[in-house]
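J.: This is the structure alone, sequence omitted:
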Ligand SMILES: [Fe+2]
Ligand SMILES: [Fe+2]
């Protein structure tokens, strides 16, 4: 087993441990850690990509394509976070806390919808991953572009864990 595989397995085990934690605490963790980190990461990405496209876009035209992908990604992701916070999480919390809850049937279909959105978000990240050749800045890239690629890597890593926790832990538990 390579080092990277060992790390991945350790990460997976840490995420799976949330199977045993009360659902309310899992949702709090998703909010306080992942939703916060995603919003913070997107704001940083948007600032970096705008500046990099402006200052370096004439040397590296792919920065312009990357900016468009970031734009789309952030727009869709903000809607997605808001949907979870406004509809899905409140419904799950109400159910967990035994409060009146009349969307038992309706919540099952949105779960698939949320999974579809997770796939779309992951797909966009894959496109950005390709455009940046695996988040590897070109040899001659300036500091700004390097920071941008690093910000991608950090956000992609956070998002993969976030999606796993929702698809494989939270959704499995509320079904
Ligand atoms: Fe989420
Ligand atoms: Fe999500």
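T.: Done, it's in. Fair warning: this is a prediction, and the values are worked out from it, not measured in the lab. Numbering: from 1, shown residues only. Ligands and ions are numbered 1, 2, ... in the order given.
J.: where's residue 110, which helix or strand?
T.: Element membership for residue 110 (DSSP states H and E) is helix 104-131.
J.: Now do the same contact list for the spatially most distant residue from the centre of the chain.
T.: The C-alpha centroid of the chain is most remote from residue 100, which lies 30.6 Å away (Cα atoms, centre = their mean). By Cβ atoms under 8 Å, 6 or more residues apart in numbering, the contact set of residue 100 is residue 94. Heads up, the C-betas are built off the backbone N, CA and C, glycines and all.
J.: about what we covered before: show me what the next helix or strand after the helix holding residue 110 is packed up against.
T.: Sequence order places helix 143-164 as the next helix or strand after helix 104-131, per DSSP H and E. Contact here means 3 or more Cβ pairs under 8 Å, 6 or more residues apart in numbering; DSSP states H and E; on that basis helix 143-164 packs against helix 3-16, helix 36-56, helix 104-131.
J.: Quick check, residue 96 in contact with residue 25.
T.: No - between residue 96 and residue 25 there is no contact under Cβ atoms under 8 Å: 10.2 Å.
J.: And those two? Which one has more around it.
T.: residue 96 (16 against 10; other Cβ atoms under 10 Å).
J.: Grab the nearest non-local neighbour of the more buried one.
T.: Counting by Cβ to Cβ, 6 or more residues apart in numbering, residue 96 lies nearest to residue 23, which is 4.9 Å off, once chain neighbours are set aside.
J.: quick one: the one you found and residue 92 touch, right?
T.: Yes - with contacts defined as Cβ under 8 Å, residue 23 counts as touching residue 92 at a distance of 6.5 Å.
J.: Please report how far residue 47 lies from residue 15.
T.: Here the criterion is Cβ to Cβ, to the nearest Å. By it, residue 47 lies 29 Å from residue 15.
J.: In terms of neighbours, single out the busier of those two.
T.: residue 15 (16 against 13).
J.: quick one: contacts for the more buried one?
T.: 161, 164, 165, 168, 169.
J.: pLDDT below threshold where in the chain?
T.: 1-4, 101-109 (pLDDT under 70).
J.: give me the number of residues near residue 58?
T.: Neighbour number of residue 58 under other Cβ under 10 Å is 10.
J.: for residue 88, same thing?
T.: Residue 88, neighbours per other Cβ under 10 Å, totals 21.
J.: please renumber so the chain begins at 485
T.: I'll keep to 485 as the first residue from here, and by that count the last item is residue 572.
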